[in-house]
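# here is a sequence with its predicted model. Questions after.
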Amino acid sequence: MTLSVLKLGILLFVAVFLFPISNVYGHGLGIDTISSVDIQGKEISISVELPPSFDNFEEKQITITATEDETKENAKNVTLLIGLFHENEMIFRNYFFTSDGILVIKIKPTQEGEITINGEQDSLLGAWYKTESNPLEITGPIFNSGGLYNFEIEVRTIDEPTNIIEDSEVYNADLSVAEIIQFWQKDAKNQDVSFRMKSYFDKISNFEYDSANKQVTFEMPFDWSEKQMSHIPVVHVEVHFPNDFTEFLSGGYAGKVNGIDLFKSSVTIDDYTEENERIVHFVLLQDHLRFLKNQMKNSDEPLPENIVFTLSTTEKIDFPLSAYTRSEDFLIHLSWDPITIEPDTNTKFIFTIRDGTTGQPLRNSDYTFVLLQGGKEIHRTTGLAQIGGESEDYYFTEGQTGPTIIRFENIRNTGQETEFGIVVVPEFGSIAALILIVSIMTVIIISKKTSFTLKTF
């Protein structure tokens, strides 16, 4: 059976589903949330949302929401001083007002010209706001290129329009506009091959394909400072190439960042999203980035100002998937049957709860097994793994396809938990009869330690 018949892999999509609402989103996910902002003794959260891409200069919008942490209600009469920066250049910096805590700014990108703001302005701070007859709108060369965009936000009024906050702190939110760049490279026969890079973080440069070593390298700017990294939940980059490019097709891939081996779960195959392309995803979670930083600090060289990615072919990765709890006290091994998870077919999830230090199965381990899609629970059950291993069955319906989170909660009644990411594959008509060999999905290895040991399985 040829590789063109074997549909290898499954879609990895690390989206907002992987992070609870109280955490920071962002960097390709469309939302970045600044949590626990202390304003006159009241804690609020500020979320900034924009579409992940701006195509053909179509009208889009920025949505900024201020929410009181205690009541979970929107803050009232909020004035924000907002500065928007891209590639170290300021696009605008102005006051904006919202009476109901939700600030909606319409964006009309243009190729050239000046940045202009349309709307009403108050008499106190000159803050822009919308009315029923005059929506708030920004026109000009804004979001007309991909990459990282930084919002600097200060809260200047809250509760009452005249309640001015003196000496307000500056808070940062970072969001990315996805950018796709094509790179033409030569294969072993000196034929042109089209690679496409899709970055949900920052701009890709210096792309090279080494046909002799079957290896791809590329880089992007990156600030390794803790201030910047503290609100980066994930860095996500995609490598696209033709699915008939057999020279670089493989059952698995290994990744490196600045010469340091990545977790196996950081590199995954996707033969599902694009009909004629294979996509290999790099997904670096925040703790993975800290691990990489600590590894680089062990050398005598100063920290770089970029991330250099390396992608190489390897042998196929097999079950089980493995994930530690936040404290690394517990380790979960997970597999499922059948390998391809489809609707209208019972799926058996098989798992073992193990000691995080010794790896030995833990008898009489209670747990809560949860399935989530789109941030919402679709299934929850509790159980007891008497010999350390157990299984749970679930029958996905036609409407339950796409990215799915498997969460193990309250392991051994400790409140600790861990997660796995999978995809439920919809039926493909005539393709449904093909054999799909599924690569390892993301393993959410969460550790708050800054000097933990890299674990491969």
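Nice, thanks for sending it over.
# strands of the stretch 151-300 of the chain, start to end?
In the stretch 151-300 of the chain, the strands defined using DSSP state E, counting those that start in this stretch lie at 171-177, 179-186, 192-199, 205-210, 215-221, 234-242, 252-257, 260-261, 267-270, 277-285.
# the ones you listed: lowest mean pLDDT?
When the strands of the stretch 151-300 of the chain are compared on average pLDDT, strand 267-270 comes out lowest at a mean of 77.
# who does it pair up with?
strand 277-285 (antiparallel) (DSSP bridges).
# re earlier: so which of the strands of the stretch 151-300 of the chain is the most packed in?
Highest mean neighbour count of the strands of the stretch 151-300 of the chain: strand 267-270, a mean of 26 (counted as mean count of other C-beta atoms under 10 Å). All C-beta spots, glycine's among them, are computed from the backbone N, C-alpha and C.
# ok, back up a step: export the strands of the stretch 151-300 of the chain as a markdown table, with columns for distance to Ile153.
Listed next are the strands of the stretch 151-300 of the chain as a markdown table, based on distance: least, C-beta to C-beta, whole Å:
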| stretch | distance to Ile153 |
| --- | --- |
| strand 171-177 | 5 |
| strand 179-186 | 24 |
| strand 192-199 | 24 |
| strand 205-210 | 29 |
| strand 215-221 | 22 |
| strand 234-242 | 21 |
| strand 252-257 | 30 |
| strand 260-261 | 34 |
| strand 267-270 | 34 |
| strand 277-285 | 25 |
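# what's the closest of the ones you listed to Asp32?
strand 171-177 (4.0 Å; C-beta to C-beta).
# give me every residue that touches the closest residue in space to Trp224 that isn't next to it in sequence.
Nearest non-adjacent residue to Trp224, counting by C-beta to C-beta, 6 or more residues apart in numbering: Leu303, 4.7 Å away. Taking C-beta atoms under 8 Å, 6 or more residues apart in numbering, we find Leu303 in contact with 224, 293, 296-297.
# which of the three states applies to Leu303?
Classification of Leu303 by DSSP: H, G, I helix; E, B strand; the rest coil places it in coil.
# next one: Gln111
coil.
# burial of it, as a residue count?
Using other C-beta atoms under 10 Å, Gln111 has 8 other residues around it.
# how's the protein carved up into domains?
7-16+181-314, 29-177, 321-427 (automatic domain parsing).
# can you give me the helices for the protein?
226-229, 286-297 (DSSP state H).
# rank those helices by pLDDT, which is bottom?
For the helices of the chain, where the average pLDDT is lowest is helix 226-229, sitting at a mean of 82.
# by contact count, what packs against that one?
On a contact count with 3 or more C-beta pairs under 8 Å, 6 or more residues apart in numbering; DSSP states H and E, helix 226-229 meets helix 286-297.
# again, only this time at 10 Å
strand 171-177, helix 286-297 (3 or more C-beta pairs under 10 Å, 6 or more residues apart in numbering; DSSP states H and E).
# select from the domains of the chain the stretch with the lowest mean pLDDT.
Taking the mean pLDDT of the domains of the chain, domain 7-16+181-314 comes last: a mean of 84.
# report the buried residues of stretch 46-65.
46-51, 53-54, 60-62, 64-65 (16 or more other C-beta atoms under 10 Å).
# CA-only coordinates of that stretch in PDB, if you can.
The C-alpha trace of stretch 46-65 is given here as PDB (Å, rounded to 0.1, in the frame of the first residue of the first chain):
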ATOM      1  CA  ILE A  46      -9.000  42.300  30.400                       C
ATOM      2  CA  SER A  47      -9.200  40.100  27.200                       C
ATOM      3  CA  VAL A  48      -8.200  41.300  23.800                       C
ATOM      4  CA  GLU A  49      -9.600  39.400  20.800                       C
ATOM      5  CA  LEU A  50      -9.100  39.700  17.100                       C
ATOM      6  CA  PRO A  51      -9.400  37.400  14.100                       C
ATOM      7  CA  PRO A  52      -6.300  35.200  13.500                       C
ATOM      8  CA  SER A  53      -6.000  36.500   9.900                       C
ATOM      9  CA  PHE A  54      -6.900  39.500   7.900                       C
ATOM     10  CA  ASP A  55      -7.500  38.600   4.200                       C
ATOM     11  CA  ASN A  56      -7.900  41.000   1.300                       C
ATOM     12  CA  PHE A  57      -8.200  44.000   3.500                       C
ATOM     13  CA  GLU A  58     -11.700  43.000   4.600                       C
ATOM     14  CA  GLU A  59     -13.300  44.800   7.500                       C
ATOM     15  CA  LYS A  60     -12.500  43.100  10.900                       C
ATOM     16  CA  GLN A  61     -12.700  44.200  14.500                       C
ATOM     17  CA  ILE A  62     -10.900  44.300  17.800                       C
ATOM     18  CA  THR A  63     -12.900  43.300  20.900                       C
ATOM     19  CA  ILE A  64     -11.600  44.300  24.300                       C
ATOM     20  CA  THR A  65     -13.600  43.100  27.300                       C
END
